[in-house]
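Participant: 3D, please:
(chains A, B and C)
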Amino acid sequence: MIKSMNWKEIFPDFEPPLLLEMEHFAVINNFAEDDVLIDIGEPVVFVPLLLEGYVKIIREDKNDGEHLLYYLEKGAVCALSISCCFDHKKSEIKAIAETSGRVAKIPIGKMDEWMARFSGFRNFVLQSYNRRLQEMLVAIDSLAFLNLEERIVKYLRDKKQINNSRFIETTHQEMAADLNTSRVVVSRLLKKMEADKKIKINRKSIEFLD
DNA sequence: ACATTAAGTGATT
DNA sequence: AATCACTTAATGT
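Facilitator: Sure, this is the predicted structure:
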């Protein structure tokens, strides 16, 4: 179903022999919006490469709610899954499909092998790691240094970017969960932002006026 | 018409 | 900024 043309397009630096092996060993899965791709505590047996779509990566504490860390985009590999894989650990995060899309699941054993044999693959993994680390810093910064209203603005900006639309389809409840706060507080701040002409609130969607 | 879900609000901590 | 205890509004059956 997936031709090497597609692979080459998404992963331009992969060597042709690597692409051939990938087509053979990778398991392709389609997923729909809101699918839970992995949850906390589930064993990680594959390293997922995102072929299409966006995935929300969420850190969750059993008692203390959850927090959105960052989004994974097409052509990215989940850095956290790699570290989990190497140690045969269980997942530290929850991954939810922001949009529908496709993943290629790489068996753990192949990761070692391909990183050793293909410099294109090794560089890809390292770069991907790097990007995730950067995004993690951004997530920490926003938690540590931004107030809730600023975090909401950032949240809406990110979502706007991903969906490529100034109409953000979400509920106050969902935002509160992602930002680890309460719905009432989100509603109030959004109301204020609407009064300030920054956004327009509709039921189950928000229009971002930049 | 009734139930469910999303969002708004005042009062309190 | 969080929580409570509602109310109101929109949607689904």
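Participant: make it CA atoms for all contacts and neighbour counts henceforth
Facilitator: OK.
Participant: Quick one: the helices in chain A, in order.
Facilitator: A:4-10, A:16-25, A:79-86, A:108-117, A:119-145, A:148-163, A:172-179, A:183-195 (DSSP state H).
Participant: on contacts alone, who are the packing partners of the fourth one?
Facilitator: Looking back up the chat, that one is helix A:108-117. strand A:46-52, helix A:119-145 (3 or more CA pairs under 8 Å, 6 or more residues apart in numbering; DSSP states H and E).
Participant: Indicate which one of the ones you listed is closest to A:Trp7.
Facilitator: Taking CA to CA, strand A:46-52 is the member of the helices and strands packed on helix A:108-117 nearest to A:Trp7, at 8.2 Å.
Participant: Report all helices and strands that that closest one contacts.
Facilitator: Applying 3+ CA pairs under 8 Å, 6+ apart, one finds that strand A:46-52 contacts helix A:79-86, strand A:101-107, helix A:108-117.
Participant: chain center to the first one: distance?
Facilitator: Relative to its parent chain, helix A:79-86 has a centroid offset of 15 Å by CA atoms, centre = their mean, to the nearest Å.
Participant: Mind putting the helices of chain A into CSV with distance to DNA strand B, mean pLDDT and mean neighbour count?
Facilitator: Below are these laid out as CSV (distance: least, CA to the nearest atom of the strand, whole Å; pLDDT from 0 to 100; neighbours: other CA atoms under 10 Å):
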stretch, distance to DNA strand B, mean pLDDT, mean neighbour count
helix A:4-10, 35, 71, 14
helix A:16-25, 40, 93, 14
helix A:79-86, 30, 82, 19
helix A:108-117, 38, 92, 14
helix A:119-145, 21, 95, 15
helix A:148-163, 14, 96, 16
helix A:172-179, 4, 97, 18
helix A:183-195, 4, 97, 16
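Participant: Tabulate the ones you listed (JSON lines), appending distance to A:Arg59.
Facilitator: JSON lines is the format used below for those (distance: least, CA to CA, whole Å):
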{"stretch": "helix A:4-10", "distance to A:Arg59": "27"}
{"stretch": "helix A:16-25", "distance to A:Arg59": "30"}
{"stretch": "helix A:79-86", "distance to A:Arg59": "11"}
{"stretch": "helix A:108-117", "distance to A:Arg59": "23"}
{"stretch": "helix A:119-145", "distance to A:Arg59": "11"}
{"stretch": "helix A:148-163", "distance to A:Arg59": "16"}
{"stretch": "helix A:172-179", "distance to A:Arg59": "9"}
{"stretch": "helix A:183-195", "distance to A:Arg59": "19"}
